[in-house]
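Participant: no letters, just coordinates:
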C-alpha cells in the first residue's frame, strides 16, 4: 500500500493501520466518530466498570500528526464523556 492510499483511508502508516481496532479493549481504538484513542485501562465507579480512553495527536509509530485539536473538538459531539 502506498503512502497516498494510507492518507485516503485515514492512516499515516501500515503499523498504525495494523494496531488500530474497533474493540475498546485493545490498546489503540478507532471510535465510530473517527477519533483514534489510546486505551488507558478500566475504571470502576459506583459499581460500574468502563474503559478510560484518551485522544492521541501524533502517530506512536511514525510521528505524523494524525488528528488536530480541531478534529478532536469536532468529534466530541459524538463521544460520550463520563466524569
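Facilitator: Noted; the coordinates are in hand. Remember, predicted model here, so these are calculated numbers, not experimental data.

Participant: now do the buried residues in stretch 49-64.
Facilitator: Across stretch 49-64, burial judged by 16 or more other Cβ atoms under 10 Å covers 53, 55, 59, 61. All C-beta atoms are positioned from the backbone trio N, CA, C, and that covers glycine.

Participant: how about stretch 18-27?
Facilitator: Applying 16+ other Cβ under 10 Å to stretch 18-27 flags 19, 20 as buried.

Participant: from here on, call the first residue 621.
Facilitator: Let's use 621 as the start, then, which means that last one is stretch 638-647.

Participant: so how far is residue 662 from residue 668?
Facilitator: 10 Å (Cβ to Cβ, to the nearest Å).

Participant: neighbour-wise, which of these two wins?
Facilitator: residue 662 (11 against 8; other Cβ atoms under 10 Å).

Participant: close enough to count as contact, that one and residue 672?
Facilitator: Yes - distance between residue 662 and residue 672: 7.1 Å, which falls inside the contact criterion (Cβ atoms under 8 Å).

Participant: now do the SS call for residue 664.
Facilitator: Of the three states, residue 664 takes strand under DSSP: H, G, I helix; E, B strand; the rest coil.

Participant: leaving out the residues flanking it, which one is nearest to it?
Facilitator: residue 670 (7.9 Å; Cβ to Cβ, 6 or more residues apart in numbering).

Participant: what strand or helix carries that neighbour?
Facilitator: Secondary structure assignment for residue 670, by DSSP states H and E: strand 668-675.

Participant: again with residue 659
Facilitator: Taking DSSP H and E as the definition, residue 659 sits inside strand 656-665.

Participant: contact partners of stretch 691-700?
Facilitator: 651, 652, 653, 654, 655, 675, 677 (Cβ atoms under 8 Å, 6 or more residues apart in numbering).

Participant: which of the residues in it are buried?
Facilitator: Applying 16+ other Cβ under 10 Å to stretch 691-700 flags 691, 692, 695 as buried.

Participant: repeat that for stretch 650-670.
Facilitator: 650, 655, 656, 657, 659.

Participant: what distance separates that stretch from the centre of its chain?
Facilitator: 10 Å (Cα atoms, centre = their mean, to the nearest Å).
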